[in-house]
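K.L.:
kindly return the folded structure for what I paste below:
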Amino acid sequence: MKRRSLRMSALLASAVVSLSAVAACGGTDSSTPQAESGGGPVTITFRSFVKGSDVVTAAFNKTHKDIQVKFENVPSGADYYTKLASSVKAGNAPDVAVVEYNQLPEAVSQGELEDLTASAGSLVSEKFRPPVQALVNLGGKTWGVPRDVAPLVFFYRKDFYDKHKIEPPKTWDDFTKAMEAVKKADPEARGGVFQTGDPDALAAFAWQAGAKWYGTQGDAWKVDIDDAASKKVADYWNDLVVKDLVAQFNTVSDDAFFQALQKGQVVSYVCPNWCAGALQSTVPDQSGKWAVAPVPSWDGQPASGMLGGSSFTIPKGSKHPEAAMEFIKFITSDMEGMKAWLSSGTSSMLPAAPDLAPATSVFKLDFFGGQDIFSVASKAYESIPAGWAWGPTAGVTETAINDQLGKLATGEVRLADVLTSAEQATVADLKTRGLNVVQ
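P.N.:
A predicted model of the protein is given here:
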């Protein structure tokens, strides 16, 4: 594992140094922020789409006199990263920006972020576990500070399952049977969701199955998006969609999905722990009816994948990097900052720093009948297979998959073929960037 990590770091470094923009990238230090010329507090900008960002910003501003943070609420998705890149090029980037783990290698390779090795390298190595460190330490340098991890779990309407004597599935074979039982009990309801607008959900299922879409071989990137594990996952979900055993929604964050929850048309679904906050705020009248269980696995043994998770970065050109780092430390590795995130009631994240796990106690669990959902999530995180890495062309991979997902139900495409096309597009893009690739 260590040798593989070193090779991955070297390849990411080669991707980075091939771009002059990164070569000019300066590091930040941890010196005390300087006040504005007028003697007032330093004002920094914070751009994020993560739930609870406004609350944690307010908590920081209340307790810090020398630094004040101006929060910019923005939509998530590909447009967010396009806007961030444009802001960096235009010289008006925010001082702090959220960057999801899967997007970090690409942002680094495009020269959009400051090197945080001097100001946060020791923090990351001391506070976070090696698998999470590997998501933000790229090319031998630290580019972001982790905030949360996002293991898949199984959300289900306990009242519905109990009434119809359906057991929460332990294996994917059990899941199919549960989907059939839900549809039989209520032809208008479904017990699962396939997201036609979120290719990362498919990646999380592949991760759980042991796939490794990006890897290294010698001095080259190894791309294997349609490996045996991924094809098994693809064939499985393709079958569920074609048989109409799961509902299709763009994402589990759009209005159509929430309306289906309210109408009882979705009674269970696989989602990361962060879905708990959105669930209880969307259908508060269903309080006490929902529960959380481990995500089904292929052999019944504990195994999960990760969908989401965020790091916080300093975009290249920040005018106040020292103050920005003080804020980042508060929102990622400070107990009061973590409590602020979770106290909003909208964020049910699982802290990436193990010693901040007690902060989850401020998230009220009444909606789940008092069940300790964070215990389930923590065990799920511990069961995630090691070795997964994101490459510098995640956006290309995601677009190639996303463009085809909506065609599964009609039989126009097969999901396994979509993965093969995505691999071809990914390889072509890596080669265009001048990087060595093997398949």
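K.L.:
ends of stretch 387-395, how far apart?
P.N.:
Distances were taken as Cα to Cα, to the nearest Å; on that basis the terminal residues of stretch 387-395 are 20 Å apart.
K.L.:
so for it, mean pLDDT?
P.N.:
Rounded to a whole number, the mean pLDDT of stretch 387-395 is 89.
K.L.:
which residues are in contact with that stretch?
P.N.:
Stretch 387-395 is touched from outside by 1, 4, 8, 12, 15, 78, 81, 101-106, 108-109, 134-135, 207, 211-215, 221, 223, 306, 397, 426, 429-430, 433, 435, with contacts defined as Cβ atoms under 8 Å, 6 or more residues apart in numbering. (Each C-beta comes from the backbone N, C-alpha and C, glycine too.)
K.L.:
mark which of the residues you listed are buried, thanks.
P.N.:
Of all the contacts of stretch 387-395 considered here, the ones buried according to neighbour count by 16 or more other Cβ atoms under 10 Å are 8, 12, 15, 81, 101-106, 108-109, 134-135, 207, 211-215, 221, 223, 306, 397, 426, 429-430, 435.
K.L.:
quick one: which of these sit in strands?
P.N.:
Of the positions in the buried ones among the contacts of stretch 387-395, 214-215, 221, 223 sit in strands, assigned by DSSP state E.
K.L.:
surely Asn436 is in contact with Asp219?
P.N.:
Yes - counting by Cβ atoms under 8 Å, Asn436 does reach Asp219; the two are 5.9 Å apart.
K.L.:
who's more crowded, the two?
P.N.:
Set side by side, Asn436 and Asp219 show unequal neighbour counts under other Cβ atoms under 10 Å, the larger going to Asn436 at 15 against 12.
K.L.:
now do the phi/psi pair for that one.
P.N.:
Per-residue torsions, Asn436: phi -70, psi 140 (degrees, to the nearest 10).
K.L.:
Gln68 and Ala134, how far apart?
P.N.:
Taking Cβ to Cβ, to the nearest Å as the measure, Gln68 falls 34 Å from Ala134.
K.L.:
who does the helix or strand in which Phe330 is found touch, helix- and strand-wise?
P.N.:
Take DSSP states H and E as the rule and Phe330 turns out to sit in helix 321-333. With contacts taken as 3 or more Cβ pairs under 8 Å, 6 or more residues apart in numbering; DSSP states H and E, helix 321-333 sits against strand 42-48, helix 53-63, strand 67-73, strand 96-100, helix 117-127, strand 145-146, strand 310-313, helix 335-343.
K.L.:
next, the angle from the last one to helix 321-333.
P.N.:
Compare the direction of helix 335-343 with that of helix 321-333 by axes from the mean of the first three to the mean of the last three Cα atoms, to 10 degrees and you get 60 degrees.
K.L.:
how far does helix 335-343 sit from the chain's center?
P.N.:
Distance of helix 335-343 from its chain centroid, counting by Cα atoms, centre = their mean, to the nearest Å, is 19 Å.
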